[in-house]
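**Q** Give me a model of this one.
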Amino acid sequence: MNKVRMGMVGGGQGAFIGAVHRIAAQLDNEIELVCGAFSSTADKSIASGKSLMLNEERCYADFNTMFAEEAKLPAEQRMQFVAIVTPNHMHFPAAKAALEHGFHVLSDKPATLNLTEVKALKKVVDDTGLLYGLTHTYTGYPMVKEAQTLIANGEIGKVRKVIVEYIQGWLSEPQDDDNKQASWRTDPSRSGISGCMGDIGSHAANLVEYVTGKEITHVCAELTAFVEGRCLDDDGMVLLKMQDGIKGTLQASQIAAGEENNFTLRVYGEKGGLEWRQQEPNSLTIKYLDKHMQVLRAGGMHSDRTAANTRIPMGHPEGYLEAFANVYNSFANAIRDVESGEYDESKDYDFPDVNEGIRGMALVESFVNSSNQETKWYDLAPLLVD
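**A** Numbering: from 1, shown residues only. Okay, the predicted model is just below:
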């Protein structure tokens, strides 16, 4: 069995997320990076590829050239899929071009800049019959998968309530243009219509739906740009209505000064509740009405899906990179099945696809649209007048 060959768009020198993708993709020795167009600047793109010790002939000046040239190579040499790790506004053109040249796509989230683009992308995915995946990383954690399994098996009873929070503090102050990560995330032309909610609120919404198996149907949102002069929201609060009568709250903030990456999910059913925290990802707490609380630890005797996404025994922590790698491995397994003729559409390959990309963009737009309406708020002042 050969390694699955990967190309990359974006993620050049100085980019945080590109290095994370490369480490995750190669963690289990299943995937090999063979080419890339790593920057919108040709010289920087080629220099980035050389610094990764790639063949100079496969360090490309731009992604259109890369797709055209890779497609000319023999099947056993050319890349099989491309990882797209650019700012949001480049996700759609790069993904569309890759699919039209015959390459599978695994993209950083969100899928595109807006809902119109992701709907157009789905048509390209459907027309080409190729694979498309999103790196909603947090679905890759073993104990998140265990929470999903326990809920599906009725361990906490019928779900009633969800509370999800994704709280950071790194944008509490104005950032200058030298901060590459901040500059594009706060720029509507590159990030889209939302800042904080599009960046991390979308992860929170995705995790809620993944773990409960139920979709969000209605939202009531309030988004704010607290930092003076900032064009996009840096904080948001949302009330949620979900399928089967589930109610919930979602909070996301990038101005909670002092917070690092505090992502917490709590789900409550008729018989008990579950709690998972990304900053302590190897533990899953179960709280019951009628018996003692339990803390499950990664590496223990868990479901088959959880075990398949765990690499090492209990007491040896796994984290963000391993969760990312689980998404990559699931995608690589699907590619192998496609190319061997064994792909089964009814099989759950367990990676987020273009349909989740559409839901993600629809949710972000719903948050913004709801926040822009004032009719959702009830004014107490008339009740207090004598």
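
**Q** For the protein, just list every one of the helices.
**A** Listed in chain order, the helices of the chain (DSSP state H) span 16-26, 42-51, 63-72, 91-100, 115-128, 142-152, 180-185, 188-191, 196, 202-212, 304-308, 320-340, 354-371.

**Q** Any idea how many residues pack against A204?
**A** Residues lying near A204 (other CB atoms under 10 Å) number 24. C-beta here means a position set from N, CA and C on the backbone, and glycine is covered the same way.

**Q** Surely it and R266 touch.
**A** No. A204 lies out of contact with R266 (CB atoms under 8 Å); the separation is 11.8 Å.

**Q** who touches both of those two?
**A** Applying CB atoms under 8 Å, 6 or more residues apart in numbering, one finds that A204 and R266 are jointly contacted by V164.

**Q** What's the separation between V354 and L134?
**A** 8 Å (CB to CB, to the nearest Å).

**Q** which residues do those two both contact?
**A** A111.

**Q** okay, and the helix or strand of this structure with the least pLDDT?
**A** helix 180-185 (a mean of 85; mean pLDDT, DSSP states H and E).

**Q** on that earlier part again, of all the helices of the chain, which lies closest to V85?
**A** Nearest of these to V85, taken as CB to CB: helix 16-26 at 4.8 Å.

**Q** Go through that closest one and flag the buried ones.
**A** Within helix 16-26, the residues scored as buried using 16 or more other CB atoms under 10 Å are 17-18, 20-22, 24-26.

**Q** Could you do stretch 150-163 as well?
**A** For stretch 150-163, using 16+ other CB under 10 Å, the buried residues are 150-151, 156, 159-160, 162-163.

**Q** Likewise for stretch 29-49?
**A** Going by 16+ other CB under 10 Å, stretch 29-49 has these buried residues: 30-31, 33-40, 45-49.

**Q** biggest separation within the residues you listed, which pair?
**A** Once CB to CB is applied, these give E30 and S40 as the farthest pair, at 29.4 Å.

**Q** that older thread, considering the buried residues of stretch 29-49, which is situated nearest to D337?
**A** When the buried residues of stretch 29-49 are compared against D337 (criterion: CB to CB), the nearest one is E30, at 13.5 Å.

**Q** Next up, the contacts around that closest one.
**A** 3-4, 328-329, 332.

**Q** Just the buried ones from those residues, in ChimeraX syntax?
**A** Buried residues within the contacts of E30, by 16+ other CB under 10 Å, are selected in ChimeraX with:
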select :4,328,329,332
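
**Q** Take the contacts of E30 and lay them out in TSV including distance to E318 and pLDDT.
**A** Output for those, formatted as TSV (distance: CB to CB, whole Å; pLDDT from 0 to 100):
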residue	distance to E318	pLDDT
K3	22	95
V4	22	98
Y328	14	97
N329	13	96
A332	18	97
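
**Q** Not counting its neighbours along the chain, what's nearest S107?
**A** I84 (4.2 Å; CB to CB, 6 or more residues apart in numbering).

**Q** who's that neighbour bridged to?
**A** V9, S107 (DSSP bridges).

**Q** Distance-wise, check the spatially most central residue of the chain relative to G10.
**A** Residue closest to the mean C-alpha point of the chain, counted by CA atoms, centre = their mean, is H136 at 2.1 Å. In this structure, H136 and G10 are 18 Å apart, going by CB to CB.

**Q** Kindly report the same for T212.
**A** Distance, T212 to G10, by CB to CB: 32 Å.

**Q** what's the answer for L27, then?
**A** 20 Å.

**Q** So if I had to pick from those two, which one is more boxed in?
**A** Set L27 next to G10 and count neighbours by other CB under 10 Å: G10 wins out with 25 against 17.

**Q** I'd assumed T41 was in contact with that one.
**A** No. Using CB under 8 Å, G10 makes no contact with T41, being 11.7 Å away.

**Q** which sections of this protein are below the confidence cut-off?
**A** For the chain, the stretches with pLDDT under 70 are 176, 377, 380.

**Q** hmm, back to that, max pairwise distance over the buried residues of stretch 150-163: which two?
**A** Farthest pair in these (CB to CB) is L150 and I163. Separation: 17.1 Å.
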